[in-house]
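*Asks:* Pasted the sequence and its predicted model underneath.
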Amino acid sequence: MIAFFRQNKLLTFAAVFVAIQVLLAIFAPIVSPHDPFVQVMVQRMKGPNALNWLGTDQLGRDVFARILYGYRTSLLTCLAAVVMALLAGGSLGMLAAYYRGWFDRIVMRFMDVLFAFPIMLLAIAVIAVLGPNMWSAAIAIAIVYTPIFARLLRGPALVICESEYVLGAKAIGAGDMRIIFLHLLPNIASVALVQTSLLLSAAILVEASLSFLGLGAQPPVPSLGLMLSEGRNFLLLSPWPAVFAGFAILFLSFGFNLLGDALRDTLDPRLRGRD
Amino acid sequence: MPLRFFLARLIDLVVVLFGISIVVFLMIRLIPGDAVAIMLGANTEITPESIAELRGRLGLDRPMIEQYFVWISGVLQGDFGTSIWTGRPVSEEIAANIWPTIELTLLSVLFGAAFSIPLGAFMAQARGRGSEVAVRVGAIAGLTIPSFWLGIVSIFMVSKLFPGWQALGYVPFTQDPLGNLSRMILPVIALSLPMLANLSRLVRSAMLDALGQDYVRTAKAKGAPRRVVVYKHALRNALIPFVTSVGVSAGYLLGGAIVIEQVFAIPGLGRLVLGAISERNYPLVQATILVMTAGFVIVNFLVDLLYAVIDPRISRR
């Protein structure tokens, strides 16, 4: 175990970096020194100090507390979105590869159409339909990522479906479900894991952009994107909330991207050093 | 380019455009509750008569398939319906807002592509473990910096360092070329950074691949200067995957432009669609999304063709 981490320094670093942020989000109520909703008007727009480590915002709320709770909002939305997309897109891609024929053609055509939309634009279209809030943002991101997962997992699934052990399993009369769950699924799990981490990183940026535009979480929910858009209006008076919220988004997204990148190297050494 | 390849791509394009039009058409009709009541709700009294009146005006009382054909034949002739609040044709509102978005996206693509080549070529010279990690971490950081945050921070820095610099808003190039470009610098940098990170990493790895090829060794052996080897032999071949990536990035930029326009108060399509959503002006939302997506798809189609011209092997597959 220790030898493994010593060999994969980048992976270890990425995993620890992500884990710290996820734990901070989970234990925000315990870790946070302040209530993220309490407004202390006399303490408005203060820079970092001993009482408010990262300063306060325009309503006198503690920036550090709001960032911790913002991590929660962001992670919850993005995890929900990426898991939905993985389940929907992954199973569509896998079934398309397994059954081929007209099912494959119709499903993948539909995925091509969804894939043709620029990501932000499709997300905005979905939110225009559902109304702006946190869960609409999650569904929007899920819809945007479904075709990406379908395309990414269909390829490897096709290769496995053609492999000798799957043909062998078919020959001895294994049922469709048995082959899909016992042979197909375990063999594309590593690809799925890498892509989940990379897409989580991208989802965090999309979620932040959406709430920045007022299309995601609504005030007073603590959200990193909202902190940026609110902080922007008071930038010249107090840049701190916007600056720290930006760093928080960057660290979260960066962590998951590095994790995905390092996971790819570890799980598939053939890809090492390639982009 | 073989005709067969061209036709196959053209059919793909038409199928995807058709699919997009269906998705965009169904969008309004998927709104939970009565979209018409929601549209009216913003500022008028809702009566059954007013709902029926607007339904009739929007053609929503006819069968779905007929509605689609009426709508799409209008769209193909440049008629996207009328904007609910202003009563102006939607196409006019789009025409009034399209240039800032095109300029912003185009300048960002040019900026990102132009700087990624020397940057990637430079990074390819640095090899070894330390620089591998540095390149990787740098590229990921460039990719994950929220561009709208970068925009906000740059506005702040400029207002502190150069108080005279007008960083927000938009003036048409034809009216004030210098004012136009000075306002475009910051948004272009903010928007193109992820692309720059992505492309320069791609150029680097393609360069490393190419530098290991036989023809590069031959060029070195015949005594060609280092610059010629790097820029003429290696780089030209490294550019093939680069072209596709530029096309794909252009689409991401179009999406990112929506956010950047909001940060820098640029009156483009992004601001138009966001305004339309908050006003529940659905015909305008629909048309803007359709125009932007169609633009993106057509650009990618052209890139595909260009790719086949650069690398004839593609079209023979």
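*Replies:* Received it, and whenever you're ready, just let me know what you need. Numbering: from 1, shown residues only, chains lettered A, B, ... in the order given.

*Asks:* Show residues contacting stretch B:59-67.
*Replies:* Residues from elsewhere that reach stretch B:59-67 (C-beta atoms under 8 Å, 6 or more residues apart in numbering or on different chains): B:F25, B:R29, B:V36, B:A52, B:R55, B:V70, B:W71. (C-beta placed from N, C-alpha, C; glycine too.)

*Asks:* Restricting to C-alpha, output that stretch in CSV.
*Replies:* Output of stretch B:59-67 as CSV, limited to C-alpha atoms (Å, rounded to 0.1, in the frame of the first residue of the first chain):
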residue,chain,number,x,y,z
GLY,B,59,-49.7,29.1,-33.4
LEU,B,60,-49.8,26.8,-30.4
ASP,B,61,-53.4,25.8,-31.1
ARG,B,62,-52.5,23.8,-34.2
PRO,B,63,-51.3,20.2,-34.3
MET,B,64,-47.7,19.7,-33.2
ILE,B,65,-46.3,18.5,-36.6
GLU,B,66,-48.0,21.4,-38.4
GLN,B,67,-46.5,23.8,-35.8
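
*Asks:* Pull the distance from stretch B:86-103 to the chain's centre.
*Replies:* 17 Å (C-alpha atoms, centre = their mean, to the nearest Å).

*Asks:* Which positions in that stretch come out as buried?
*Replies:* For stretch B:86-103, the neighbour count (16 or more other C-beta atoms under 10 Å in any protein chain shown) marks B:P89, B:V90, B:S91, B:E93, B:I94, B:N97, B:I98, B:W99, B:P100, B:T101, B:E103 as buried.

*Asks:* next one: stretch B:176-183
*Replies:* Judged by neighbour count using 16+ other C-beta under 10 Å, the buried positions of stretch B:176-183 are B:N180, B:R183.

*Asks:* re earlier: quick one: which of the contacts of stretch B:59-67 is nearest chain A?
*Replies:* Nearest to chain A among those: B:R29, at 9.4 Å, using C-beta to the nearest C-beta.

*Asks:* Can you get me a residue count around that closest one?
*Replies:* Using other C-beta atoms under 10 Å in any protein chain shown, B:R29 has 13 neighbouring residues.

*Asks:* Got the phi and psi for it?
*Replies:* Reported as degrees, to the nearest 10, the phi and psi values for B:R29 are phi -80, psi -10.

*Asks:* where's it relative to A:M111, distance?
*Replies:* The gap separating B:R29 from A:M111 is 22 Å, by C-beta to C-beta, to the nearest Å.

*Asks:* Around chain B, which positions in the stretch 101-250 of chain A sit nearby?
*Replies:* Within the stretch 101-250 of chain A, the positions adjacent to chain B are A:109-110, A:112-114, A:116-121, A:124-125, A:127-130, A:132, A:201, A:205, A:208-209, A:212-215, A:228, A:231-232, A:235-236, A:239, A:242-243, A:245-246, A:249-250 by C-beta under 8 Å from any C-beta of the partner chain.

*Asks:* taking those residues one by one, which sit in strands?
*Replies:* Within those, no residue falls in strands by DSSP state E.

*Asks:* ChimeraX command to pick out the buried ones of the residues you listed?
*Replies:* Those of those that count as buried under 16+ other C-beta under 10 Å are selected in ChimeraX with:
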select /A:110,112,113,114,116,117,118,119,120,121,124,125,127,128,129,130,132,201,205,208,209,212,213,214,215,228,231,232,235,239,242,243,245,246,249,250
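
*Asks:* since we're on A:V126, how many residues are nearby?
*Replies:* A:V126 has 21 nearby residues by other C-beta under 10 Å.

*Asks:* show me the contacts for it.
*Replies:* Counting by C-beta under 8 Å, 6+ apart, A:V126 makes contact with A:S136, A:I139, A:A140, A:I143, A:V144.

*Asks:* which of these has the most neighbours?
*Replies:* A:A140 (29 neighbours).

*Asks:* so what pLDDT did that residue get?
*Replies:* pLDDT recorded at A:A140 is 95.

*Asks:* What residues sit buried inside the host helix or strand of it?
*Replies:* A:A140 belongs to helix A:134-161 when elements are defined using DSSP states H and E. With burial defined by 16+ other C-beta under 10 Å, the residues of helix A:134-161 counted as buried are A:134, A:136-154, A:156-158, A:160-161.

*Asks:* what does stretch B:53-65 give?
*Replies:* Neighbour counts using 16+ other C-beta under 10 Å place B:L54, B:R55, B:L58, B:L60 of stretch B:53-65 among the buried residues.

*Asks:* Give the other helices and strands that whichever strand or helix holds A:G168 contacts.
*Replies:* Secondary structure from DSSP H and E places A:G168 in helix A:164-171. Helix A:164-171 sits against helix A:176-179, with contacts defined as 3 or more C-beta pairs under 8 Å, 6 or more residues apart in numbering or on different chains; DSSP states H and E.

*Asks:* what helices or strands is the helix it packs on leaning on?
*Replies:* If contacts are counted by 3+ C-beta pairs under 8 Å, 6+ apart, helix A:176-179 sits against helix A:164-171.

*Asks:* and the helix it packs on, how far out from the chain's middle?
*Replies:* Averaging C-alpha positions (C-alpha atoms, centre = their mean) puts helix A:164-171 36 Å from its chain's average.

*Asks:* now stretch B:97-116
*Replies:* From the chain centre to the centre of stretch B:97-116 is a distance of 9 Å (C-alpha atoms, centre = their mean).

*Asks:* quick one: the helices in the stretch 151-275 of chain A?
*Replies:* In the stretch 151-275 of chain A, the helices defined using DSSP state H, counting those that start in this stretch lie at A:164-171, A:176-179, A:185-212, A:224-233, A:240-267.

*Asks:* Need the contact partners of the first one.
*Replies:* Which is helix A:164-171. Counting by C-beta under 8 Å, 6+ apart, A:I160, A:R178, A:I179, A:L182, A:H183, A:L184 sit against helix A:164-171.

*Asks:* Which of the residues you listed are buried, as a ChimeraX select command?
*Replies:* One line in ChimeraX is enough to select the buried members of these, burial here meaning 16+ other C-beta under 10 Å:
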select /A:160,179,183,184
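
*Asks:* now, among the contacts of helix A:164-171, which is nearest to chain B?
*Replies:* A:I160 (22.8 Å).

*Asks:* Give me the pLDDT value at the closest one.
*Replies:* Per-residue confidence (pLDDT) for A:I160: 86.

*Asks:* If I look at the residue lying closest to B:L107 once chain neighbours are set aside, what pLDDT would I see?
*Replies:* Closest residue to B:L107 in three dimensions, ignoring its sequence neighbours and counting by C-beta to C-beta, 6 or more residues apart in numbering or on different chains: B:V188, at 4.8 Å. For B:V188, the pLDDT comes out at 94.
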